[in-house]
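Enquirer: Need coordinates for the following:
(one chain, ligands or ions: 2)
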Amino acid sequence: MAWCGLDFGTSNSTLGLADGNAARLAPLEGDEVTLPSALFFDAETDEPVFGREAIAAYVEGNEGRLMRSLKSALGSELIEEETRLQGRKIRFEEAIGLLLGRMKLKGEAAAGTRLDSVVQGRPVHFVDDDESADRDAEDMLADILRQTGFRQVSFQYEPIAAALHYESTLAGEELAVIADIGGGTSDFSVVRLDPSRAGRGDRADDILATDGVRVGGTDIDRLASLASIMPELGYGHVVRDDGLKSPVGLYHDFATWATINFLYTPSVLTSVGDMKRAARDPIPFERMETALVQRLGHWLALRSEAAKIQLSEVKDTRIDLGRIEPGLGVWLDRGQLGRAIDRSIERVGDTLSRCVAMAGTRPERIDSLVLTGGSALLPMVRDALARRLPDARLVDADHFGAIGLGLALEARRRYG
Ligand SMILES: Nc1ncnc2c1ncn2[C@@H]1O[C@H](COP(=O)(O)OP(=O)(O)OP(=O)(O)O)[C@@H](O)[C@H]1O
Ligand SMILES: [Mg+2]
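Expert: Numbering: from 1, shown residues only. Ligands and ions are numbered 1, 2, ... in the order given. As a prediction, this is how the structure comes out:
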């Protein structure tokens with residue numbers, strides 16, 4: 001029997017194993033050590049497929065339902081919602097259990113033994129400013145893990161896990177801020193790192209502060225979509241003579257990974273049809289009808305996410321919307337994206353500054369700013385964080401693996 005660290009992420013998940021002094025990530029999909037946190041339920045077979053395979057099945061147009069951003073439902077009212085499949089309904093809780101169960105099996109295959117103890121990573125806040133919802137989220141995740149067969153379940157903050165892994169690569173002492181900018185949340189910890197203290201049991205004295213905010217890459221995808229794609233589908237258009245505009249909530253939900261499936265109902269289609277008839281320009285609403293009928297919500301979100309990622313490399317990019325209407329496309333450039341996400345990124349920066357203040361230190365005392373999480377690859381995010389700590393050395397940790405590896409080190413310490 002063995003132990004593992006599990007990083008169940010909003011967008012990507014990993015499972016870390018520790019043996020001897022080294023930690024490694026288990027292959028979860030072919031040779032890949034990351035598994036996109038996605039499931040696709042095929043309407044014909046009613047069997048779930050996972051990860052890249054799930055996204056591919058959906059993009060190829062198979063009949064069925066894609067579920068992504070499952071973690072965002074923890075601690076929110078979404079957790080009670082059901083996604084309708086052919087003959088039955090599936091709740092987020094069940095979908096999370098299937099995904100984590102799949103990871104456990106893959107981890108056991110890699111470890112060559114049963115895994116019965118887990119350190120599960122968690123954001124500093126699943127939910128902002130609501131301690132009871134936050135506790136509910138952790139309790140539910142613990143229950144799901146027990147149902148998948150883990151006997152011992154404990155938690156560690158994701159940025160602390162990343163800190164423990166980063167520490168294992170250091171030669172000397174430093175005061176670091178770990179910034180984990182993921183798909184759903186941005187989390188920080190201010191830690192005193194020293195490899196010679198790594199083996200010690202309780203490191204509470206070295207963890208000076210942790211803080212986090214529920215802003216991440218999936219929010220950036222939504223804001224990018226609202227700034228570029230959704231206006232082509234009627235967002236912001238006038239639908240009545242008195243100047244009333246199309247409902248913001250509809251487009252907000254259609255651009256949000258976790259809520260897309262709930263819009264595939266007859267009543268939503270009817271209300272879009274009403275707007276089409278009332279609007280001066282019916283064409284955008286015709287496109288919205290097409291997107292709903294053909295269930296293109298996740299496809300649009302994937303286009304938005306891909307454009308965002310491209311803007312890490314290039315200055316502008318064309319988002320092809322040809323599945324909605326032949327030849328349709330929109331341009332998005334870095335300036336537009338920057339304006340759309342500016343306020344959200346400021347909130348992330350404010351959280352970093354608050355965390356440093358909570359640690360009882362000053363920004364100029366911080367030696368290094370260690371970046372992990374996929375969204376820390378976005379230049380605007382990096383710049384915004386670096387501005388808060390102008391004297392710190394900028395270090396890129398393993399953006400997709402550091403947390404799973406750190407959780408595995410912690411699992412060995414706790415259970416080994
Ligand atoms: N090159 C890139 N530029 C910008 N964003 C990127 C890049 N690569 C990945 N991302 C974004 O990073 C996010 C996923 O990061 P990560 O895997 O760290 O999140 P997660 O661990 O699943 O989420 P969380 O920790 O918040 O639960 C996604 O929103 C993805 O679009
Ligand atoms: Mg993460």
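Enquirer: can you pull the buried residues of the helix or strand where Gly335 lies?
Expert: When elements are assigned from DSSP states H and E, Gly335 belongs to helix 334-358. Neighbour counts over helix 334-358 (16 or more other CB atoms under 10 Å) mark 334, 337-338, 340-341, 344-345, 348-349, 351-352, 355-356 as buried. To be clear about C-beta, it is placed using only N, CA and C from the backbone, and glycine gets the same treatment.
Enquirer: just how off-centre is that helix within its chain?
Expert: How far helix 334-358 lies from its chain's middle: 17 Å, per CA atoms, centre = their mean, to the nearest Å.
Enquirer: and the helix or strand that that helix is followed by with helix 334-358, angle?
Expert: Downstream of helix 334-358, the next assigned helix or strand under DSSP H and E is strand 368-372. Relative orientation of strand 368-372 and helix 334-358, computed by axes from the mean of the first three to the mean of the last three CA atoms, to 10 degrees: 130 degrees.
Enquirer: after strand 368-372, next one along is what?
Expert: Per DSSP H and E, the first helix or strand lying C-terminal to strand 368-372 is helix 379-388.
Enquirer: what about that following helix and ligand 1, touching?
Expert: No - for helix 379-388, no contact with ligand 1 is found by CB under 6 Å from any ligand atom; the gap never falls below 7.7 Å.
Enquirer: quick one on the thing from earlier: give me the contacts around the helix holding Gly335.
Expert: For helix 334-358, the surrounding residues in contact (CB atoms under 8 Å, 6 or more residues apart in numbering) are 177, 179, 181, 186, 188-190, 208-213, 215, 219-220, 223-224, 226-228, 308, 311, 315-316, 362-363, 366, 379-381, 384-385, 387-389.
Enquirer: Out of the residues you listed, which end up buried?
Expert: 177, 179, 181, 186, 188-190, 208-213, 215, 219-220, 223-224, 226-228, 308, 311, 363, 366, 380-381, 384-385, 388-389.
Enquirer: Mind checking which of those land in helices?
Expert: 219-220, 223-224, 226-228, 308, 380-381, 384-385, 388 (DSSP state H).
Enquirer: Max pairwise distance over these: which two?
Expert: By the measure CB to CB, Ser228 and Arg388 form the most distant pair in those, at 28.2 Å.
Enquirer: domain assignment for the chain?
Expert: Listed by automatic domain parsing, the domain ranges of the chain are 2-172+398-415, 218-338.
Enquirer: returning to what we had before: would a markdown table of the buried residues of helix 334-358 with distance to ligand 2 and pLDDT be doable?
Expert: Putting these into a markdown table (distance: CB to the ion, whole Å; pLDDT from 0 to 100) gives the following:
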| residue | distance to ligand 2 | pLDDT |
| --- | --- | --- |
| Arg334 | 24 | 95 |
| Leu337 | 22 | 97 |
| Gly338 | 23 | 97 |
| Ala340 | 23 | 98 |
| Ile341 | 18 | 98 |
| Ser344 | 17 | 98 |
| Ile345 | 17 | 98 |
| Val348 | 14 | 98 |
| Gly349 | 19 | 98 |
| Thr351 | 15 | 98 |
| Leu352 | 16 | 98 |
| Cys355 | 17 | 98 |
| Val356 | 21 | 98 |
